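Participant: Show me the folded form of this:
(one chain, ligands or ions: 2)
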Amino acid sequence: MKLPGHLTVKDGHLYIGRHDCTVLAQEYGTPVYVTDEDRLRENFQRYDSALKKHYEDVQLLYAAKANGNLAVMKVFAELGAGADVFSSGELHLALLAGMEPEKLLFNGSSKTKEDLKLAVEKGVKVSLDSFDELRQLNKIAGDAGKIVEVSFRINPAIDVPTHPKIATGLATSKFGIPADQITDAYRAAMECENVVPVGMHCHIGSQILDVAPFAKAAEVMVKVAGDITALGVRLSFIDIGGGLGIPYRHETEVAPTPEEYADAVLPVFLQGIQKLGIKPQLWVEPGRNLVGDTTVLLTNVNSVKTAHKKFVNVDAGFNLLLRPAMYDSYHEIIVANKADKEAETDYTVTGPICETGDIIAADRKLPMIEDGDILAILDTGAYGYSMSSQYNCRPRCPEVMVAGDRSAVMRRAETVIDIVNTMKKLPWHEK
Ligand SMILES: Cc1ncc(COP(=O)(O)O)c(C=O)c1O
Ligand SMILES: N[C@@H](CCCC[NH3+])C(=O)O
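Facilitator: Ligands and ions are numbered 1, 2, ... in the order given. Next up is the predicted model:
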């Protein structure tokens, strides 16, 4: 199987960075997410420099929803990233990670008044998704005696080749302001006393393996930039979102590189702004592309059962990795202690959750498996831990970072006590 540079096979064992996955599984227990810090840095720098080759004034806003571990966010903060934050929690994380407030954009189609208050208090820009939100933010900023810089999320009405649940820029999507309301939205913002429109924002979807829709979105954005510049809006940034996918199927899937993405999108953006005579900063919000391939989820085989097919029952299910159950997503699997063995048998890998749909991989050819084997589920750095749950009262597993020769826990395992401690005895159940 084709492997990215930080994953290698030595003496039949899978390594992440310099670490034998079977040793990590023993040391930290299973299940466990393991992330390679060097790969995080490499991914960020590649994306950043691909864009900056075309235009110096680019700011990467890491999409915190993809992987909100503080250690991960600290690595990106140190490399100069800001963040796309989608909740007050993600805003706190970004600030704790050391990201500068001016490099943060508070996104979301359903923010609470508390979210807006926090954005105002912390001085971060807000991407507005409705006229109601504009009105609310203007009032909240006024009450706080502050002026808030905003963008609107634009619905570019673009169809994208991805899973329908993660296409976000369709005309029918819940996100963004439709084309025929955009100029009204900016006009309304210009009339507000405590809000200044300074940016534009869009995001067309996730896990997109074709650069053409991104170029199309850039075209829509510069067209809208023309319309709103004509209104008198002075644009300091244009945010074209994230969405560049990764090759989950290592043998067959081809993903555009960040360079190919930049080569397709930046000329459209640059031509557009040159025509308008403006020089806004370009903001880009990648999530998956920066973190997806950096991480493996190590899981122990509890048992193997031959029924109408061969089941491999492991200790990680959709409580820890929801993507296969939610989007029928494919993740490569390597038997970490038999990484050089021939894949010869079809197995269906299932988790411990009480749901028939708790399937990590269906009918997957793997080497002969027995209990005690360690499976490495690849490309689980994006929307893995961040979409996990405590279903079936299962505490979440730990997250470990490796960097060179070092390894350490970056999030401890939860315990059943952690779960129970959030529950309260009801006053009428005292006796
Ligand atoms: C507004 C916004 N920005 C950025 C992202 C990051 O997307 P991706 O992880 O596909 O790069 C998302 C997720 O789809 C998003 O909703
Ligand atoms: N959670 C999705 C991506 C959606 C990102 C949020 N808009 C996935 O795992 O592929």
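Participant: so who does the residue most central in space within the chain touch?
Facilitator: Relative to the mean C-alpha position of the chain, the nearest C-alpha, by Cα atoms, centre = their mean, is the one of Ala66, at 2.1 Å. Ala66 sits next to Gly287, Arg288, Leu290, Val291, Gly292, Gly381, Ala382, Tyr383, Ser386 when contact means Cβ atoms under 8 Å, 6 or more residues apart in numbering. Where C-beta positions appear, they are placed from N, C-alpha and C, glycine not excepted.
Participant: Skipping adjacent residues, who's closest to it in space?
Facilitator: Nearest residue to Ala66 in three dimensions, chain neighbours excluded: Gly287, at 3.1 Å (Cβ to Cβ, 6 or more residues apart in numbering).
Participant: Wait, the one you found touches Leu60, no?
Facilitator: No: assessed by Cβ atoms under 8 Å, Gly287 is found out of contact with Leu60, at 10.7 Å.
Participant: Let me see the contact set for the closest residue in space to Leu320 that isn't next to it in sequence.
Facilitator: Once flanking residues are discounted, Leu320 sits nearest to Ser388: 5.0 Å by Cβ to Cβ, 6+ apart. Contacts were defined as Cβ under 8 Å, 6+ apart; by that measure Ser388 touches Asn319, Leu320, Leu321, Leu322, Arg396.
Participant: among the residues you listed, who's most crowded?
Facilitator: With neighbours taken as other Cβ atoms under 10 Å, the top of the contacts of Ser388 is Leu320, carrying 27 neighbours.
Participant: Make sure that one is indeed in a strand.
Facilitator: No: Leu320: not assigned to a strand; according to DSSP: H, G, I helix; E, B strand; the rest coil it is coil.
Participant: still on that earlier bit, for the residue nearest to the centre of the chain, phi and psi?
Facilitator: Phi and psi for Ala66, reported as degrees, to the nearest 10, are phi -70, psi -40.
Participant: What separation do you get for it and ligand 2?
Facilitator: Distance of Ala66 to ligand 2, given as Cβ to the nearest ligand atom, to the nearest Å: 7 Å.
Participant: can you check Ser109 too?
Facilitator: Here the criterion is Cβ to the nearest ligand atom. By it, Ser109 lies 11 Å from ligand 2.
Participant: Please, which helix or strand holds that residue?
Facilitator: Per DSSP states H and E, Ser109 falls between elements, in no helix or strand.
Participant: check contacts around it.
Facilitator: By Cβ under 8 Å, 6+ apart, Ser109 lies in contact with Asp129, Ser130, Arg153, Lys174, Phe175, Gly176.
Participant: Out of the contacts of Ser388, flag the one nearest to Thr8.
Facilitator: Nearest to Thr8 among these, counting by Cβ to Cβ, is Leu321 at 22.7 Å.
Participant: Help me confirm that that closest one comes into contact with Gly381.
Facilitator: No: contact status for Leu321 versus Gly381: not in contact, 11.1 Å apart, counting by Cβ under 8 Å.
Participant: Which residues of the stretch 51-200 of the chain lie near ligand 1?
Facilitator: By the criterion of Cβ under 6 Å from any ligand atom, the positions of the stretch 51-200 of the chain lying close to ligand 1 are Ala63, Ala66, Asp84, Asn107, Thr168.
Participant: Pick out the most distant pair among the residues you listed.
Facilitator: Ala66 and Thr168 (14.0 Å).
Participant: From His308, how far off is the residue in the chain that ligand 2 sits nearest to?
Facilitator: Using Cβ to the nearest ligand atom, the closest approach of the chain to ligand 2 is made by Tyr383 at 3.1 Å. Distance, Tyr383 to His308, using Cβ to Cβ, to the nearest Å: 31 Å.
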